[in-house]
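>>> Below are the sequence and a predicted model; questions follow.
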Amino acid sequence: MTKEIYNQIESDAAYIKDKIISYKEVLGMHELMIHNYGVNINYISVHLEVNKSMKLKKINIFIDFFQHCLFYFCKL
């Protein structure tokens, strides 16, 4: 991996982490992984911690919303 790609992934990870923890529904996060498969081909996975009192349907709606936010606002 070239240094430029590594630096870009590090920068993206910091930006994504800041975005994730800005949502009030997110209590914590871990295991953030960004896989780069070429120009504009990225795969992101992360484990989110949410309040245990949240209903499963609300969690699912939040995750769908969150995925769209990452796609449109992070442009990854």
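Looks like it arrived, so ask away.
>>> Would you tell me what the next helix or strand after the helix or strand harbouring E4 is?
Under the criterion of DSSP states H and E, E4 resides in helix 3-21. Next along the chain after helix 3-21, taking DSSP H and E as the criterion, comes strand 26-36.
>>> Could you list the residues in contact with the helix holding E4?
Contacts to helix 3-21, defined as CB atoms under 8 Å, 6 or more residues apart in numbering, come from residues 26, 28-29, 32, 34, 36, 42, 44, 46, 48, 66, 69-70, 73-74, 76. C-beta coordinates here come from the backbone N, C-alpha and C atoms, glycine included.
>>> Could I have the CA atoms of the helix-or-strand element of the chain with minimal mean pLDDT written out in CSV?
In the chain, the helix or strand scored least confidently by mean pLDDT, DSSP states H and E is helix 3-21, which has a mean of 80. The C-alpha trace of helix 3-21 is given here as CSV (Å, rounded to 0.1, in the frame of the first residue of the first chain):
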residue,chain,number,x,y,z
LYS,A,3,1.9,6.0,1.7
GLU,A,4,-0.7,8.3,-0.1
ILE,A,5,-3.4,5.7,0.1
TYR,A,6,-2.6,4.9,3.7
ASN,A,7,-2.8,8.6,4.6
GLN,A,8,-6.1,9.0,2.8
ILE,A,9,-7.6,6.0,4.6
GLU,A,10,-6.4,7.4,8.0
SER,A,11,-8.0,10.7,7.2
ASP,A,12,-11.2,9.1,6.0
ALA,A,13,-11.3,7.0,9.2
ALA,A,14,-11.0,10.1,11.5
TYR,A,15,-13.7,11.9,9.5
ILE,A,16,-16.1,8.9,9.7
LYS,A,17,-15.4,8.4,13.4
ASP,A,18,-16.3,12.0,14.1
LYS,A,19,-19.5,11.6,12.0
ILE,A,20,-20.5,8.4,13.8
ILE,A,21,-20.1,9.7,17.3
